[in-house]
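Student: predicted model follows, preceded by the sequence.
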Amino acid sequence: MSLNLKRKPRDRPAAYNRPAKQQKIITKDTPLSLNSSSSSSSRQNLTLSDWMTVYSFIDSHPHATQAKIVNHFKSLKSGALVFTQSTLSRKLRERPKMEAHIDDKP
């Protein structure tokens, strides 16, 4: 009994014709929010001072949820701090370490 381990010949797949990409058309009438996408692609790291401001807000509002804290700082008219709830949760775990940095470097 002979085992034939060769695969049977198969047809090659046809070439995939990808549709052409649509180009963005920017005119004077295009709203500014659609015209520039730089605000959503760049992010700003918060400083130690920014996180201390967040911690003092949390101390003065002990019953606020993390989502409400994030929305509060995101909606500030001047000096809005943009961060996510998961970042806030991680920074709350690191709070003693961050407060120790303040004592080290005044």
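Tutor: On my side now, so go ahead.
Student: go ahead and confirm residue 52 touches residue 102.
Tutor: Yes. Taking C-beta atoms under 8 Å as the definition, residue 52 is a contact partner of residue 102 at 6.9 Å. From N, CA and C alone the C-beta is placed, and that goes for glycine too.
Student: got the buried residues for the longest helix that the chain contains?
Tutor: Counting by DSSP state H, the longest helix found in the chain is helix 48-60. In terms of neighbour count (16 or more other C-beta atoms under 10 Å), helix 48-60 has its buried residues at 51, 54.
Student: list phi and psi for residue 103.
Tutor: Main-chain torsions, residue 103, degrees, to the nearest 10: phi -70, psi -30.
Student: residues in contact with it?
Tutor: With contact set as C-beta atoms under 8 Å, 6 or more residues apart in numbering, residue 103 has no partners.
Student: could you measure from it over to residue 96?
Tutor: 11 Å (C-beta to C-beta, to the nearest Å).
Student: repeat for residue 47
Tutor: Shown here: residue 47 relative to residue 96, a distance of 18 Å by C-beta to C-beta.
Student: SS state for residue 13?
Tutor: Secondary structure state of residue 13, per DSSP: H, G, I helix; E, B strand; the rest coil, is coil.
Student: show me where pLDDT drops low in the protein?
Tutor: Scanning the chain for pLDDT under 70 picks out the ranges 1-2, 26, 28-42, 105-106.
Student: all helices for it, in order.
Tutor: Assigned by DSSP H, the chain shows helices spanning 32-35, 38-41, 48-60, 66-74, 85-93, 95-104.
Student: could you check the angle helix 85-93 makes with the fourth one?
Tutor: Using axes from the mean of the first three to the mean of the last three C-alpha atoms, to 10 degrees, the interaxial angle of helix 66-74 with respect to helix 85-93 works out to 100 degrees.
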